[in-house]
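>>> what follows is a predicted protein model with its sequence.
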Amino acid sequence: MKKKMMMILCSLLALGLLAGCGKKDNGADPLVIYDGQFSEMKIVHQMVKQIVEYHTDLTVEIRDEMSPINNYNDLIAGGGSDLMNSYDGTLLTTYLKKDVSDVPEGETLYDYANGLALETSQVRLLDKLGSENTYAIGVPQKVADQYNLETISDLAEVAPGLIFGAEHEFFSEEGSMKFGPFSKFYNLQFKEAKAIDLALKYSAIDSGNIDVTIVYTTDGMNRKVGLKVLEDDQNYFPEYNDALLVRDDLFERYADTAPDLEEVLNMLGGKFTNEIMTDLTYEVDVNGKTPEEVAKTFLTAQGLLGS
């Protein structure tokens, strides 16, 4: 009888331990983030995890990566995601399907997109992180030298002899900042336009299989392959200020267990420049460090994880 009782007690204890898995002693549900597909998003998500777990009693759970549009759709639908790294330009043009021309005179893109997102989708941006990861057009230095390219407009005359390549997402119809509207705006008629896997894009550039591509200004791989970023001389691409996008009910849900959660997340506000973010992504994409390592080193140097 005693043996049977002990077995029952052990089983109940095991169940209790399993039920508490992923939670700290306060019993709060973990804060959930679906990871991004790019190194910058992965690094920022790791920073969120580390500062939240250091400064509050919450656990942060980073789940498998998801495309930005699917991540956003999950966020606004309440599918499980609590926040994601994003950009005000992406929020405006891709998620809210508006254009820069819709921003009222005298109002910033950030404020307009934020107000509209809160009104229509119950999500909002926190403080700007400081870096601006806008779209840009990059060409290998030898191509720039051969055709004397300085601006995107310079491409118009020579585009019929060049191959454009970019990740599949840039050829989608989600939002106005995509290949079709862009090439029409600048009157670019390339010899060929290829959709390629993101992981293969920079090797395709390096091997000469593509001549022109879309890049992000803080991507460390631009530096590795020696891309020249052309000036957006007609100001087609909008601002893409980096910021955390959160469900508006996030802080209310954690009011008891982490009443200073918004303040903690905003510790990242203003901590970055384009050069700093490029250095961080370079460490991951070129030097092979993990986003977790890079995040911890940076946060410690900033004094956000103690000494």
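Structure received.
>>> assumed Leu129 was part of a helix.
No: secondary structure of Leu129 (DSSP: H, G, I helix; E, B strand; the rest coil): strand, not part of a helix.
>>> and the pLDDT at it?
Looking at Leu129, its pLDDT is 97.
>>> one more: Lys3?
For Lys3, the pLDDT comes out at 48.
>>> could you do Arg223 as well?
84.
>>> wait, what's in contact with the closest residue to it other than its chain neighbours?
Spatial nearest neighbour of Arg223, chain neighbours left out: Tyr282 (6.1 Å); criterion: CB to CB, 6 or more residues apart in numbering. Where C-beta positions appear, they are placed from N, C-alpha and C, glycine not excepted. Tyr282 makes contact with 220-221, 223-224, according to CB atoms under 8 Å, 6 or more residues apart in numbering.
>>> and the helix or strand Tyr282 falls within, how far out from the chain middle?
Element membership for Tyr282 (DSSP states H and E) is helix 274-285. Relative to its parent chain, helix 274-285 has a centroid offset of 13 Å by CA atoms, centre = their mean, to the nearest Å.
>>> now do the helix or strand following it against helix 274-285, angle only.
Counting by DSSP H and E, the next helix or strand C-terminal to helix 274-285 is helix 291-301. Our comparison of helix 291-301 with helix 274-285, counting by axes from the mean of the first three to the mean of the last three CA atoms, to 10 degrees, yields an angle of 140 degrees.
>>> what packs against helix 291-301?
Contacts defined by 3 or more CB pairs under 8 Å, 6 or more residues apart in numbering; DSSP states H and E place helix 291-301 against helix 39-55, helix 274-285.
>>> for the record, mean pLDDT for it?
Mean per-residue pLDDT for helix 291-301: 97.
>>> tell me which residues of it are tucked away?
Across helix 291-301, burial judged by 16 or more other CB atoms under 10 Å covers 291-292, 294-295, 298-299.
>>> mind putting those residues into a markdown table with distance to Phe179?
Putting these into a markdown table (distance: CB to CB, whole Å) gives the following:
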| residue | distance to Phe179 |
| --- | --- |
| Pro291 | 28 |
| Glu292 | 34 |
| Val294 | 31 |
| Ala295 | 32 |
| Phe298 | 34 |
| Leu299 | 37 |
